[in-house]
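# coords below, sequence missing:
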């Protein structure tokens with residue numbers, strides 16, 4: 001469900017999808033001081049959700 005990248009603990013970013021499960025998981029991970037990247041952001045309302053969760057990064061999915 002989530003992926004972790006980084007060599008050192010301070011560099012790790014945890015990748016979490018913007019799903020119901022990911023939205024409930026994100027605050028728990030942020031409590032530990034980890035940085036999170038919310039992925040699979042298809043709609044503007046999902047961006048608002050990611051901002052409310054204080055996501056460090058958001059990966060939007062763009063369609064042509």
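Cool, the structure landed. Everything quoted here is computed from the prediction, not taken from an experiment. Numbers count the residues shown, from 1 in each chain.
# For residue 16, pull up the helix or strand it's in.
strand 13-17 (DSSP states H and E).
# Just give the nearest non-adjacent residue to residue 50, would you?
For residue 50, ignoring the flanking residues on the chain, the nearest one in space by CB to CB, 6 or more residues apart in numbering is residue 38 at 4.2 Å. Where you see a C-beta, it was placed from the backbone N, CA and C, and this is true even at glycine.
# what about the one you found, neighbour count?
Counted with other CB atoms under 10 Å, the neighbours of residue 38 add up to 26.
# hang on, it is in a helix, isn't it?
No. Counting by DSSP: H, G, I helix; E, B strand; the rest coil, residue 38 is located in no helix; its state is strand.
# Let me see the contact set for it.
Residue 38 makes contacts with 16-18, 22, 26, 46, 49-50, 53, 55, 57-59, as judged by CB atoms under 8 Å, 6 or more residues apart in numbering.
# thinking again about what came up before, quick check: mean pLDDT of the next helix or strand after the strand holding residue 16?
Using DSSP H and E, the helix or strand that directly follows strand 13-17 along the chain is helix 20-31. For helix 20-31, the mean pLDDT works out to 94.
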